[in-house]
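Participant: Provide a 3D model corresponding to the input given below.
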Amino acid sequence: MKHLRISLLTIALIILHISLYAQTTYAINSNSNWSSVLPSTCFDCTINIGSAATLTVDKSSACQNCTFVGGTVSISSQTLNIQYSGARTTTYFNGTNLQATGTAQVIVNAPLSLSNSIFTFNNTSTMTTSYNVSLTASTIYLYDNSSMTTNGGASTTVDLISNSRIVIGNGSLTSSAIFTVSGPTMNVYDGSSVAVGNQNNVYYNWSSYAYASTSSSSAKAYASSGLGMNCGAGFAHGCTNPSLYGPATVSSGVTSGVTLPVILDGFTAVLTNDHTATLNWNTQIEINFSHFTIQRSADGENWEGIGTVQAKGNSAVQTDYSFTDEQPLAGTNYYRLALVNLDGTYTYSEVKVLQSAAIARIGFFPNPAHDYVNVSLGGSIGRQVTILLTSISGRLMQERTAVTGSAVVVSFPIQNIAAGMYVLTVVNADGTRESSPVLISRS
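Facilitator: Next comes the predicted model:
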């Protein structure tokens, strides 16, 4: 009996161990926040994200021994910690588009593998790694003032395989993005490269890197420092080792100049007097480029396409583009461009933010009012609003809901309301509001 108890206890412990450490699969088929669908620290997780879905990291989160498959991961001014637990286990991103904006941080304390994936860092977002990094048919874009830093000893590798790229800057001189290799060995295979966009972008690496035409062939070492390229007299920066300034390409040797599918510049967004939003931008270079998809968001995390602008495709001269959003959202509008290449790959521009008063065309009449007070709901069509008639002290007298439109008028009967000063308020669905005093007169 004693041995039976021990055996049963052993089996129970094995079952408990399996339940604690069994891999968990999550299916994210619609736009979701991390805090709603995943634990703060996801251990041994496979996260399958639908092709049209976005998983938003809405608070500081961690993933240990994880695999991401498909979809989009969005991080805006939050931190995603990628870790391992137990054996040194690789975190995988397969066919995933990661977008980092604001002051977002991706901190990688585990081996990392990207396959057919795109990581894009905007604003001052950062990526820091301290173990092996492998890119296969993948790209990391460092835009604006973002950065990527790889730490570790010479045995730690950064491997670019099958036409993978790390792109530093998009060609705009306002970008000061930087890629720092601080100790690891960088290996470049199969036509892969590091592209340094302009003279304010930097590839920083004291060590030599290795290049091979295929991942199985013998590699040749090339110097990363002491090149004195795009620096010194006539340039923005003096020549200081081991900084390599652009435009430059690091591949089978280091060459001056860089080939980007498109170099975007001058992206602006402004509100016009007729309450529309006008977006303007230009390209300096286009190579095998298809079109721009204009995207808008109310929160900077969940995006919708609102239009498309066809590109020239191949051009070496400045080309100007524009797009007008006829019905901006009330309140805050975030805009960005998806830059789509002919092969279907794409990247995003920086994000522009506008504050729209979409309810600014609302009118109140007559004032003073006698039997009725009317509210005209012009401006953006099809937006639901709530209209409140309150006393000066805040007491609710009447309430109506309506949908905005060019000829919509909502009437409030006020025959039974005492004379005096009242307030009419129109509240939009996102909480923005416009108020106006109205005088009810009995004379």
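Participant: in the sheet, who's paired with the most centrally placed residue in the chain?
Facilitator: When Cα atoms, centre = their mean is applied to the chain, the residue found nearest the centroid is Q99 (3.8 Å). Here Q99 sits in beta bridges with S74, T120, as judged by DSSP bridges.
Participant: That one is in contact with G71, isn't it?
Facilitator: No: taking Cβ atoms under 8 Å as the definition, Q99 is not a contact partner of G71, at 11.1 Å. C-beta: built from backbone N, CA, C; applies to glycine.
Participant: got a list of what the residue nearest to the centre of the chain touches?
Facilitator: Contacts were defined as Cβ atoms under 8 Å, 6 or more residues apart in numbering; by that measure Q99 touches 72-75, 120, 122, 348.
Participant: How about G253?
Facilitator: In this structure, G253 makes contact with 211, 222, judged by Cβ under 8 Å, 6+ apart.
Participant: do S77 as well
Facilitator: With Cβ under 8 Å, 6+ apart as the criterion, the residues that contact S77 are 101-104.
Participant: Please convert those to JSON lines, extending it with distance to N94, secondary structure and neighbour count.
Facilitator: Formatted as JSON lines, those follow (distance: Cβ to Cβ, whole Å; DSSP: H, G, I helix; E, B strand; the rest coil; neighbours: other Cβ atoms under 10 Å):
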{"residue": "T101", "distance to N94": "23", "secondary structure": "strand", "neighbour count": "26"}
{"residue": "G102", "distance to N94": "26", "secondary structure": "coil", "neighbour count": "15"}
{"residue": "T103", "distance to N94": "27", "secondary structure": "coil", "neighbour count": "14"}
{"residue": "A104", "distance to N94": "21", "secondary structure": "coil", "neighbour count": "24"}
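Participant: Distance across stretch 157-174, terminal residue to terminal residue?
Facilitator: 31 Å (Cα to Cα, to the nearest Å).
Participant: err, stretch 160-180, not the other one
Facilitator: With Cα to Cα as the measure, the ends of stretch 160-180 fall 15 Å from one another.
Participant: and what of stretch 235-254?
Facilitator: Where stretch 235-254 begins and where it ends lie 19 Å apart, using Cα to Cα.
Participant: close enough to count as contact, Q105 and T124?
Facilitator: No: checked against Cβ under 8 Å, the pair Q105 and T124 is beyond contact range at 9.8 Å.
Participant: Could I get the full set of strands for the stretch 151-300 of the chain?
Facilitator: Under the criterion DSSP state E, counting those that start in this stretch, strands of the stretch 151-300 of the chain are mapped to 157-161, 165-168, 178-182, 185-189, 193-196, 202-205, 209-212, 220-222, 243-245, 248-251, 253-256, 262-271, 277-286, 289-297.
Participant: which of these has the lowest average pLDDT?
Facilitator: Per-stretch mean pLDDT for the strands of the stretch 151-300 of the chain is lowest at strand 262-271 (a mean of 80).
Participant: Pull out the buried residues from it.
Facilitator: If you call a residue buried by 16 or more other Cβ atoms under 10 Å, then strand 262-271 has these buried ones: 262-264, 267, 269, 271.
Participant: Next up, the contacts around the closest residue to E301 other than its chain neighbours.
Facilitator: Spatial nearest neighbour of E301, excluding adjacent residues (Cβ to Cβ, 6 or more residues apart in numbering): T56 at 4.7 Å. Under the criterion of Cβ under 8 Å, 6+ apart, the contact partners of T56 comprise 31-34, 74-76, 301-302.
Participant: Check which helix or strand T56 maps to.
Facilitator: T56 is part of strand 54-57, with elements assigned from DSSP states H and E.
Participant: export the helix or strand that that strand is followed by as PDB, just CAs?
Facilitator: Note on strand 54-57: by DSSP H and E, the next helix or strand toward the C-terminus is strand 61-64. Taking only C-alpha atoms (Å, rounded to 0.1, in the frame of the first residue of the first chain), the coordinates of strand 61-64 have been written out as PDB:
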ATOM      1  CA  SER A  61       4.200  42.300 -21.100                       C
ATOM      2  CA  ALA A  62       6.500  39.300 -21.400                       C
ATOM      3  CA  CYS A  63       6.700  36.200 -23.500                       C
ATOM      4  CA  GLN A  64       8.900  33.200 -22.500                       C
END
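Participant: tell me which strands and helices strand 61-64 is in contact with?
Facilitator: Contacting strand 61-64 under the criterion 3 or more Cβ pairs under 8 Å, 6 or more residues apart in numbering; DSSP states H and E are the following elements: strand 41-43, strand 79-83.
Participant: Can you say which of those is packed in most?
Facilitator: strand 79-83 (a mean of 19; mean count of other Cβ atoms under 10 Å).
Participant: what sits against the closest residue in space to T129 that isn't next to it in sequence?
Facilitator: Counting by Cβ to Cβ, 6+ apart, the nearest residue to T129 once its immediate chain neighbours are dropped is V108, at 4.1 Å. By Cβ under 8 Å, 6+ apart, V108 lies in contact with 82, 91, 127-131, 133.
Participant: And the pLDDT for the residue nearest to the centre of the chain?
Facilitator: According to the per-residue confidence, Q99 scores 91 in pLDDT.
Participant: in the stretch 101-250 of the chain, what spans have low per-residue confidence?
Facilitator: Along the stretch 101-250 of the chain, the parts satisfying pLDDT under 70 run over 170-172, 215-216.
Participant: same deal with the stretch 301-443 of the chain?
Facilitator: When residues are selected by pLDDT under 70, those of the stretch 301-443 of the chain lie in 316, 330-331, 355-362, 378-382, 405-407, 430-432.
Participant: So which residues of it form strands?
Facilitator: Here the stretch 301-443 of the chain has its strands, by DSSP E, counting those that start in this stretch, at 303-310, 319-325, 331-341, 346-348, 352-356, 362-365, 372-377, 384-391, 396-403, 409-413, 420-428, 433-440.
Participant: TSV for the ones you listed, including mean neighbour count and distance to F43?
Facilitator: Formatted as TSV, the entries for the strands of the stretch 301-443 of the chain read as follows, by neighbours: other Cβ atoms under 10 Å; distance: least, Cβ to Cβ, whole Å:
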stretch	mean neighbour count	distance to F43
strand 303-310	14	30
strand 319-325	15	43
strand 331-341	20	33
strand 346-348	20	31
strand 352-356	16	36
strand 362-365	16	52
strand 372-377	19	52
strand 384-391	17	43
strand 396-403	13	47
strand 409-413	15	54
strand 420-428	18	42
strand 433-440	16	45
